[in-house]
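Enquirer: Quick one, fold the following:
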Amino acid sequence: MRTGESLPPVGEVLATLATGVWHWDTATGQVTVDAEAARLLGLPAEQTTLTEAQTRARLHPVDWNEITGVVQLAVAEGTLAEVRIRIMDGQGRNIRTVRSRSKPSFDPEKRAYELIGTLQEVTEPEPGTPAGRRAVTGDWRRSREAFLLDAGRALAEARSTSEVLRVAAALSMPGFSPDGLAVFGVEADRLTIIGHHGHQPGDEGPFSHMALDTDYPAAEVVRTGRAVYLSTPDQYKSRYPVTWPLAKHFGRQSWAFLPLTVAGRTMGAWMAAFTYPVAFTPDERSVLTTVARMLAQALSRAGLAESERELTDGLQRSMLPTLGPEIPGMSVAARYVPTGGGLQVGGDWYDMIPLPSGRFAFVIGDVQGHDVRAAGLMGQLRIALRAYASEGHRPDAVLSRASRFLHGITSDDDDLRFATCLYAEADPVTGTLDVARAGHPDPAIRMADGTVLTRPTAGGLPLGIDPDADYPTTRFTLEPGETMMICTDGLIETGGHDLETGWQRIRTILEEHKGDLDELSDALVQAVHGPSSHHTTGPLADRREDDIAVLLLCRQGKGCDHEDTSVLERHPVRRTMLSVAQAEPERVATARQQLRELLHDWASPEQVDSAVLLLSELLTNVLVHTDADALLLAEVTGEAAIRRLHVEVTDTSDDLPHRRRPGELASSGRGLMLIELLANAWGVDPRGEGKSIWFELYEEAG
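Expert: Below you'll find the predicted structure:
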């Protein structure tokens, strides 16, 4: 060609170079190819227009899917879309491999892509060679797909930011693994370092709190949301001369900076640096972009989970009290475990309140539900209970006012809630406990020798149901060395248990544990929430997990803190007391159960049956033949195998029992006969007002 002559038409030049031209508009679904492009596709060498289906039939199906991903990547980065494509004949045989290069654009209104590009035949590289690695087809593509699956699974399983960073640092990309990684975040108008790998401690200093308008690749990526690829140090130096000295001393040869984007918002940038040159072909950029997207999603999930945990911990710490000052003569321990899901907050709570009288109040309760509303109501109710108790009200008045308060703040809501509660006022000097209960489980007492029994107490409706409900008070004494446990139903029923089977599980822990109160609290929670609970699943297999609150109060003495292991060598008095009113004949059954629990390790089962029978006779005699209430006192003293049981029933009637001679068909009159026959000793003691009937049994070998 002579100087001054016009250039030949572009079409002729491309045809001379065996390069075809094609145009693809996804809005119309048509692909137009010139004669050379048609020939390369295995069609007659003439310009023609094909549908997407006709075009797709000429290409390997894997490569067609690859084209879609490369086009989207090129549009996102504003670069050329380059890909190798295998051309197939009608029998599915590969006739040639071509390279396509195009400049795609995206129309947001039509939501369609338009591409104008070229096709040129190339030699298919050998699998496993550097050239083969750059091809879309071959072993490298299969390795890449396996890598992305593994990376996605590992990042999805990470539960914290540190775990995500560890997974990202351990990723081994097929054929071009980076040796330096950094994750940048954004705080206001500053770039921050979330984590890095492959650098020495302190290397991140110059890059921390860097202004976003700095001439630095990561800052540009955050500003624009578009990736930056730097294949050589010269590219880095010419494009970012200001910050090149900061990166120079690391000795890297190639860098990729990719945006971390979630829901259309760029939350940071990811840097992958290489000690060897990397060309960043479309395939390599595709892998890096996919990893960056997965990394952004994982960091977003981890950040959200950590924020929720921080919120939960703060909410829980603000709502649950410390146990406050030490109580002279008493030890206290408590635990709270929220349910396993959600925000990890719920409606269970405990509290210890110093009272103006010098006594202390112990409260435990459970607001209906395991959500944020339950936690909010719990916080309000706990504050209200503290206020009423601090005013000096008695336990029954405290619960009555609390019930009225809860009913008032929930009665206008569609989501009406109630709460169970147990309020115990303790005198640390005498060990006296005044207990009022609102639909809550009864307290349990572990005696000094390890015997455990529930302590029946009078109760009323749960708080918030009836604003005018009454809450009777039960008084009993915590003897030296005895421990009272109050808890929410989650401690009993979690793990598929009902109240009966769950109580048996907890009772075993209480009886066998030999540590102090804090260790006992941990043992109770571990028995329910630890791995062992899954081996003792209860009968209600579909029961959901519940919040747990437990509070232990021990009156100091032998048996309170089991630091020594000589539990079996202790033989303190084992005692239970119970009142049976004329209007409560059903408490006779409770008294029988209390006595059986008191004699749980008695040597002779027949003597236990005899004791229960005699107790039933004494209590029934009071209810039938007098107008008074009965008070039961049962004590076990002495060493194992030679112990003595003393049972005493007191009433205010002056009528003394007398022997009767009932006929064969008589339904009563045999009480004293049974006592004489079964008891080792018995008697009647007149009191100033009323009387006391007692009997004793001496332990025999079973």
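Enquirer: use CA for all of it now, contacts and neighbours both
Expert: OK.
Enquirer: Quick check: longest helix in this structure by residues?
Expert: helix 282-319 (DSSP state H).
Enquirer: Pull out the buried positions in it.
Expert: Going by neighbour count (16 or more other CA atoms under 10 Å), the buried part of helix 282-319 is 282-302, 305, 312, 315-316, 319.
Enquirer: Spit out the contact partners of residue 179.
Expert: Neighbouring residues of residue 179 by CA atoms under 8 Å, 6 or more residues apart in numbering: 197, 198, 272, 273, 274, 275.
Enquirer: Would you mind checking the residues you listed for buried ones?
Expert: Buried members of these, counted by 16+ other CA under 10 Å: 197, 272, 273, 274.
Enquirer: surely the first one meets residue 183?
Expert: If I follow you right, that is residue 197. No: applying CA atoms under 8 Å as the test, residue 197 and residue 183 come out as separate, 9.1 Å apart.
Enquirer: Point to the helix or strand of this structure where mean pLDDT is at its lowest.
Expert: Least confident helix or strand of the chain, by mean pLDDT, DSSP states H and E, is helix 130-134 with a mean of 44.
Enquirer: Surely residue 291 touches residue 148?
Expert: Yes: if you go by CA under 8 Å, residue 291 and residue 148 touch, sitting 7.4 Å apart.
Enquirer: just the strands in the stretch 601-702 of the chain please.
Expert: Taking DSSP state E, counting those that start in this stretch as the criterion, the stretch 601-702 of the chain carries its strands at 630-637, 644-651, 681-686, 691-698.
Enquirer: quick one: the third one to strand 644-651, angle?
Expert: Pointing back at strand 681-686 there. Strand 681-686 runs at 30 degrees relative to strand 644-651, counting by axes from the mean of the first three to the mean of the last three CA atoms, to 10 degrees.
Enquirer: list the buried ones in strand 681-686?
Expert: Buried, per 16+ other CA under 10 Å, within strand 681-686: 682, 686.
Enquirer: which of the contacts of residue 179 has the weakest pLDDT?
Expert: When the contacts of residue 179 are compared on pLDDT, residue 198 comes out lowest, with 74.
Enquirer: Quick one: residues contacting that one.
Expert: 179, 180, 181.
Enquirer: Beta-bridge partners for the second one, please?
Expert: Here residue 180 sits in beta bridges with residue 273, going by DSSP bridges.
Enquirer: so it touches residue 203, yeah?
Expert: No: using CA under 8 Å as the test, residue 180 is too far from residue 203 to be in contact (11.7 Å).
Enquirer: what about these two, which has more around it?
Expert: Per other CA atoms under 10 Å, whichever of residue 180 and residue 203 has more neighbours is residue 180, with 18 against 12.
Enquirer: all strands of the stretch 201-350 of the chain, in order?
Expert: Here the stretch 201-350 of the chain has its strands, by DSSP E, counting those that start in this stretch, at 210-211, 228-230, 254-262, 265-274, 330-337, 348-354.
Enquirer: can you redo those strands as JSON lines with distance to residue 397?
Expert: As requested, the strands of the stretch 201-350 of the chain are arranged in JSON lines below (distance: least, CA to CA, whole Å):
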{"stretch": "strand 210-211", "distance to residue 397": "62"}
{"stretch": "strand 228-230", "distance to residue 397": "71"}
{"stretch": "strand 254-262", "distance to residue 397": "55"}
{"stretch": "strand 265-274", "distance to residue 397": "55"}
{"stretch": "strand 330-337", "distance to residue 397": "25"}
{"stretch": "strand 348-354", "distance to residue 397": "16"}
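Enquirer: what secondary structure does the closest residue to residue 282 other than its chain neighbours sit in?
Expert: In space, and not counting its chain neighbours, residue 282 is closest to residue 82: 6.2 Å by CA to CA, 6 or more residues apart in numbering. With DSSP: H, G, I helix; E, B strand; the rest coil as the basis, residue 82 sits in strand.
Enquirer: Please apply the same query to the one 3 residues further on.
Expert: Taken by three-state DSSP, the conformation at residue 85 corresponds to strand.
Enquirer: What confidence value was assigned to it?
Expert: Predicted confidence (pLDDT) for residue 85: 85.
Enquirer: likewise the one 10 residues further on?
Expert: With respect to pLDDT, residue 95 scores 85.
Enquirer: And the next helix or strand past the strand or helix carrying it?
Expert: Counting by DSSP states H and E, the element that carries residue 95 is strand 94-107. Using DSSP H and E, the helix or strand that follows strand 94-107 towards the C-terminus is strand 112-122.
Enquirer: What are the buried residues along that next one?
Expert: Neighbour-count burial for strand 112-122, counted by 16+ other CA under 10 Å, picks out 113, 114, 115, 116, 117, 118, 119, 120, 121.
Enquirer: Closest to residue 595 out of these?
Expert: Here the nearest of the buried residues of strand 112-122 to residue 595, counting by CA to CA, is residue 113; it sits at 84.9 Å.
Enquirer: Which residue is the nearest non-sequential neighbour of that closest one?
Expert: Per CA to CA, 6+ apart, closest to residue 113 is residue 106, 4.6 Å.
Enquirer: Flag the shaky bits of the stretch 151-300 of the chain, pLDDT-wise.
Expert: Residue ranges of the stretch 151-300 of the chain with pLDDT under 70: 172-176.
Enquirer: Outside of stretch 641-649 itself, list whatever touches it.
Expert: With contact meaning CA under 8 Å, 6+ apart, stretch 641-649 is reached by 602-603, 615, 618-619, 630-638, 692-701.
Enquirer: Over to stretch 614-621?
Expert: With contact meaning CA under 8 Å, 6+ apart, stretch 614-621 is reached by 580, 588, 592, 630, 647, 649, 671, 674, 675, 693.
Enquirer: show me what contacts the nearest residue to residue 300 once chain neighbours are set aside?
Expert: Spatially, and ignoring its direct neighbours in sequence, residue 300 is nearest to residue 262 (7.5 Å; CA to CA, 6+ apart). Shown in contact with residue 262 (CA under 8 Å, 6+ apart): 293, 296, 297, 300.
Enquirer: For the first one, give its distance to residue 222.
Expert: Right, residue 293. For residue 293, the distance to residue 222 equals 14 Å [CA to CA, to the nearest Å].
Enquirer: again with the last one
Expert: Look at residue 300 and residue 222: by CA to CA, they are 16 Å apart.
Enquirer: where does residue 46 land in three-state SS?
Expert: coil.
Enquirer: List phi and psi for it.
Expert: phi -150, psi 150 (degrees, to the nearest 10).
Enquirer: Please renumber the chain so that the first residue is 33 from this point on.
Expert: New numbering, starting at 33: the last item is residue 78.
Enquirer: For the contacts of stretch 673-681, which PyMOL command selects only the ones that are buried?
Expert: Selecting only the buried entries of the contacts of stretch 673-681 in PyMOL, with 16+ other CA under 10 Å as the criterion:
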select buried, resi 634+635+647+650+651+662+663+664+665+666+667+668+669+670+724+725+726+727+728+729+730+731
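Enquirer: Kindly format the C-alpha coordinates of the host helix or strand of residue 395 as CSV.
Expert: Secondary structure assigned from DSSP H and E places residue 395 in strand 392-399. What follows is strand 392-399 as a C-alpha-only set of coordinates in CSV (Å, rounded to 0.1, in the frame of the first residue of the first chain):
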residue,chain,number,x,y,z
PHE,A,392,-33.7,-10.4,101.4
ALA,A,393,-36.2,-11.2,98.6
PHE,A,394,-35.5,-13.8,96.0
VAL,A,395,-37.6,-13.7,92.8
ILE,A,396,-37.8,-16.0,89.8
GLY,A,397,-40.3,-15.7,86.9
ASP,A,398,-41.2,-16.5,83.4
VAL,A,399,-43.1,-14.1,81.0
